[in-house]
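Student: What follows is a protein structure lacking sequence information:
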């Protein structure tokens, strides 16, 4: 049975036989797994490793009969990632939120894959179903990547459509699908507060996201009522260390120098891999207050979400060190850092050592961008308190 949502929805159980068979037979998918798992092995044994990997994947997928089975297959790898790349994962705000009812989680966006993954994990360990995840169609270029994403409850945000009418129709379809997911299918949803990661550390909601969500609103329904029924929950995700920080700083500086940034092929996939495997230190997920019925415009809703995300953002020592280094005069930077290392605790020292190591690979302008990236959440919180 076909549906108007077929081209954007996640896979369902009925799709599994053909999709899993396609994955096992996809050479690029198997080769990618080999490179990821055996990065240091000599190239000449790659064909043997690919054969063994295909057998291994086939045996694993033979046991998958439902989408829940597939996510259970991923669960041990999520546990391993948290154990190996984080020092802690903390949560706040859930005590004031009824997550037994479907929620639309709108979070800040620092990592392509991990932002929704950490929200998913927190819900999972609290006995909740995982979220359906909004993902831009730029990540669906490769068939095997698209299949993995849709197996993991991702749905497509069609950003690449051309033409004003086509863009509007795509946005309307997405709005209708999200409303049905929440109110008919009773599924939690996740979407980023803006397109693209906040590489400068400034988390701002694009009001166009809120406007899109209300495109399926009937003329007889008030904006405030429709938004209230969506049960929007702002979410702050904070990373002590960003595995992609140096690359983000370079991109920001190149954009400033050249008036734009041309993304290399496979950059998104490299960012995903770096984010998953890289050191993250402490990670904190905060669930803010529900968006109520007191708002009459998309801009007002976006402002409220921004405030909740900023309030819930966890400040780590990396932000404090970065701000200290930015505030120091260039000639005094080393002396200041040395003094802080002895005056502050081990977390400050570890943050200083981390940032010092990162700065060594960057030119002065890029160094400034990286420090700003870490300092901006602290600066914005200080500015908000001063108002």
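Tutor: Sure, I can see it. The structure presented is a predicted model; accordingly, all values stated were derived computationally and were not measured. Numbers count the residues shown, from 1 in each chain.

Student: got the buried residues for stretch 38-55?
Tutor: 49, 50, 53, 54 (16 or more other CB atoms under 10 Å). Glycine gets a C-beta too; all of them are placed from N, C-alpha and C.

Student: any idea how far residue 29 is from the third one?
Tutor: Using CB to CB, to the nearest Å, we find residue 53 at a distance of 10 Å from residue 29.

Student: Buried residues, the one helix or strand residue 76 maps to. List them.
Tutor: Using DSSP states H and E, the element containing residue 76 is helix 67-85. Neighbour-count burial for helix 67-85 flags 67, 70, 71, 78, 81, 82, 85 (criterion: 16+ other CB under 10 Å).

Student: what's the one helix or strand residue 210 maps to in contact with?
Tutor: Element membership for residue 210, per DSSP H and E: helix 207-213. Contact with helix 207-213 is made by 104, 106, 171, 174-175, 178-179, 191, 193-194, 227, 230, 232, 297-299, 301-302, as judged by CB atoms under 8 Å, 6 or more residues apart in numbering.

Student: Give the ChimeraX command for selecting the buried subset of these.
Tutor: Entered in ChimeraX, the line below selects the buried ones among those, by 16+ other CB under 10 Å:
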select :104,106,171,174,175,178,179,191,193,194,227,230,232,298,301,302
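
Student: Which ones among the contacts of helix 207-213 lie within strands?
Tutor: 104, 106, 191, 232 (DSSP state E).

Student: and the last one, what is it in contact with?
Tutor: Which is residue 232. Shown in contact with residue 232 (CB under 8 Å, 6+ apart): 103, 104, 106, 213, 290, 291, 301, 305.

Student: try 7 Å
Tutor: 104, 106, 290, 291 (CB atoms under 7 Å, 6 or more residues apart in numbering).

Student: Format these as CSV; extra columns: distance to residue 133 and pLDDT.
Tutor: Converted to CSV, the contacts of residue 232 look like this (distance: CB to CB, whole Å; pLDDT from 0 to 100):
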residue, distance to residue 133, pLDDT
104, 12, 98
106, 12, 98
290, 20, 96
291, 19, 96
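
Student: which one of the residues you listed sits closest to residue 13?
Tutor: The closest of the contacts of residue 232 to residue 13 turns out to be residue 104 (CB to CB; 23.9 Å).

Student: Could you pull up the contacting residues of that closest one?
Tutor: Going by CB under 7 Å, 6+ apart, residue 104 touches 182, 189, 230, 231, 232, 233.

Student: Show me the strands in the stretch 51-200 of the chain, by range?
Tutor: Assigned strands in the stretch 51-200 of the chain, in chain order: 86-92, 104-107, 132-136, 154-157, 189-192 (criterion: DSSP state E, counting those that start in this stretch).

Student: Just the residues contacting stretch 265-275, thanks.
Tutor: Stretch 265-275 has contacts (CB under 7 Å, 6+ apart) with 36, 111, 112, 113, 114, 138, 139, 243, 244.

Student: In contact with the residue nearest to the spatial centre of the chain, which residues?
Tutor: Nearest residue to the geometric centre of the chain (CA atoms, centre = their mean): residue 115, 3.0 Å. Taking CB under 7 Å, 6+ apart, we find residue 115 in contact with 107, 109, 192, 237.
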